[in-house]
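*Asks:* Starting from these lines, generate the structure:
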Amino acid sequence: MGGRMFRLTRGRVIKFDVWLLVCVGALISIGFLTLKSIQVAGGALTPNILDRQFLALIIGIAVLTLLSSFNYRYFLYFFPIFYLLAVASLIAVLVFGDSVRGAVRWFELAGLQFQPSEVVKPLLIVCFAFFSQWARGKFNDWLIVLISFLLLLPVQILIFLEPDLSTMIVVFAIWLGFLWMGLEDLKPLITVSLITLALLPLIYFVLSPYQSSRLSSFLDPYKDPLGTGYNAIQATIAVGSGQIWGRQWGKGTQSHLSFLPDQHTDFIFATFCEEQGFIGAVVLIVIYSLFFWRLLLIMSQIKEYVGRIIVGSVFVMFFVQFVINIGMNIGLLPVTGIPLPFVSYGGTSLVISLASVGLVQGVLMFEV
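*Replies:* Numbers count the residues shown, from 1 in each chain. Now for the predicted structure:
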């Protein structure tokens, strides 16, 4: 049955995509092995970083299991509350959050960091999906675009104030994906896309000095090799130094000698490539490709309108994060602070990624 396991219980067929979970498990395993490698080799990691990630994994599995067994249609009654929670959490982090490197994105809770902007992503996916169901038949496509944009705008402004450009991009992509799947006529989506492309150059002038300098260094990182271009240069060096077979576990010099910054978060792909080489990078990308293929296959099999939007939006969220992270690690995109899904260290990111997979499984489980 195409990788789906069926079990009859209480007269109902339970459907679960095993291959999707196999891909997720493989990616998480690679992440833990890479973090362990950095730690064993004396990389710049705190002693309990693996314990924190393992705790996030346990929580994430629990949330995935809960959402997989919950009929997603009941979210219809709560989607306005989800939207208010998303906005309230972003306001709260600006007021009470901790500043790290000039950005206010995290709460400190019992020694653990919590990032509300990560939680906002699946909340918005559910909100847009059920908003579309509610608005369909009441408003035309142009009005749906306008209302949904007005819902998006406060979220984007609050994320911009943190500032967190990479999350803004992902959230905007989720909205575009919702329009692509939720509109009957694609003319509004095409219009929005053309307007976005026309306004894209103006974004540079509203960025913070730190963000604009990163964008400038992308065009010529060697213009400031010890400043804004440093991260990009060290990442590409790490990726290239792995060559075909890599330096093997625990033997990467760029990451373990701390030349490569954020080797366990934003640049874990570069760390992995240095140790496992081109072959390892191909294996990792193949696993991601299988993961994305399963999401698209599930979306194609879902008959219900809202379910397709949820699964498709989760695909967009993961795919955009994957492209941005890999792109910045190999010098094809500007450096932005975005984790590699399931692989990078980050408790909130891992929990929310697993929760998003739970949403997909829940749609599949309760498909009519």
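*Asks:* ok, now which ones touch the residue nearest to residue 193 when sequence neighbours are not counted?
*Replies:* The spatially closest residue to residue 193, leaving aside those adjacent along the chain, is residue 176, at 7.1 Å (Cβ to Cβ, 6 or more residues apart in numbering). Using the backbone N, CA and C atoms, a C-beta is placed for each residue, glycine as well. Residues near residue 176 by Cβ atoms under 8 Å, 6 or more residues apart in numbering: 189, 192-193, 316.
*Asks:* And the longest helix along the chain, what does it pack against?
*Replies:* Once the chain is assigned using DSSP state H, the helix that runs over the most residues is helix 268-301. If you count contacts as 3 or more Cβ pairs under 8 Å, 6 or more residues apart in numbering; DSSP states H and E, helix 268-301 packs onto helix 18-40, helix 230-241, helix 253-256, helix 305-329, helix 347-365.
*Asks:* of those, which approaches residue 283 most closely?
*Replies:* Taking Cβ to Cβ, helix 18-40 is the member of those nearest to residue 283, at 8.7 Å.
*Asks:* who touches the helix or strand that comes right after that closest one?
*Replies:* Next along the chain after helix 18-40, taking DSSP states H and E as the criterion, comes helix 49-68. For helix 49-68, the surrounding residues in contact (Cβ under 8 Å, 6+ apart) are 16, 28, 31-32, 35-36, 39, 112, 264, 345-348, 350-355, 357-359, 361-362, 365.
*Asks:* what does stretch 279-295 give?
*Replies:* By Cβ under 8 Å, 6+ apart, stretch 279-295 touches 3, 17, 19-20, 23-24, 26-27, 30, 239, 242, 244-246, 269, 272-273, 276, 311, 314-315, 318-319, 322, 326, 343, 360.
*Asks:* May I see the ChimeraX selection of the buried members of those residues?
*Replies:* To isolate the buried members of the contacts of stretch 279-295 in ChimeraX, using 16 or more other Cβ atoms under 10 Å:
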select :17,19,20,23,24,26,27,30,239,242,246,269,272,273,276,311,314,315,318,319,322,326,343,360
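*Asks:* Can you tell me which of the contacts of helix 49-68 are buried?
*Replies:* 28, 31-32, 35-36, 39, 264, 345-348, 350-355, 357-359, 361-362, 365.
*Asks:* ok, now which ones touch residue 353?
*Replies:* So residue 353 contacts 60, 318, 341-342 (Cβ under 8 Å, 6+ apart).
*Asks:* now with 6 Å?
*Replies:* Contacts for residue 353 (Cβ atoms under 6 Å, 6 or more residues apart in numbering) come out as 341-342.
*Asks:* Ok, the one 4 residues further on next?
*Replies:* For residue 357, the contacting residues are 24, 64, by Cβ under 6 Å, 6+ apart.
*Asks:* Check the gap between it and residue 318 for me.
*Replies:* Computed with Cβ to Cβ, to the nearest Å, the distance linking residue 357 and residue 318 is 9 Å.
*Asks:* go on, residue 114?
*Replies:* Distance from residue 114 to residue 318, by Cβ to Cβ: 21 Å.
*Asks:* Same question for residue 338.
*Replies:* In this structure, residue 338 and residue 318 are 12 Å apart, going by Cβ to Cβ.
*Asks:* and if you look at residue 329?
*Replies:* 16 Å.
*Asks:* again, but for residue 24
*Replies:* Distance from residue 24 to residue 318, by Cβ to Cβ: 10 Å.
*Asks:* got it, and residue 86?
*Replies:* Residue 86 is 19 Å from residue 318, by Cβ to Cβ.
*Asks:* Same check on residue 90?
*Replies:* Where residue 318 is concerned, residue 90 sits at a distance of 21 Å (Cβ to Cβ).
*Asks:* Quick check: pLDDT value at residue 269.
*Replies:* On the pLDDT scale, residue 269 is placed at 93.
*Asks:* What sits closest to it if chain neighbours are left out?
*Replies:* Using Cβ to Cβ, 6+ apart, the closest residue to residue 269 is residue 329 (4.4 Å).
*Asks:* got it, and residue 327?
*Replies:* Using Cβ to Cβ, 6+ apart, the closest residue to residue 327 is residue 333 (3.3 Å).
*Asks:* which regions of the chain lie under the pLDDT threshold?
*Replies:* 1-14, 40-47, 100-102, 109-112, 204, 206-228, 250-259, 368 (pLDDT under 70).
*Asks:* again, only this time at 80
*Replies:* 1-16, 38-48, 97-114, 137, 200-232, 234, 241-242, 246-262, 337, 367-368 (pLDDT under 80).
*Asks:* Look up how far residue 157 lies from residue 196.
*Replies:* 16 Å.
*Asks:* Check residue 268 too.
*Replies:* 30 Å.
*Asks:* Between the two, which is the more surrounded one?
*Replies:* Neighbours were counted for residue 268 and for residue 157 using other Cβ atoms under 10 Å; residue 268 has more, 26 against 12.
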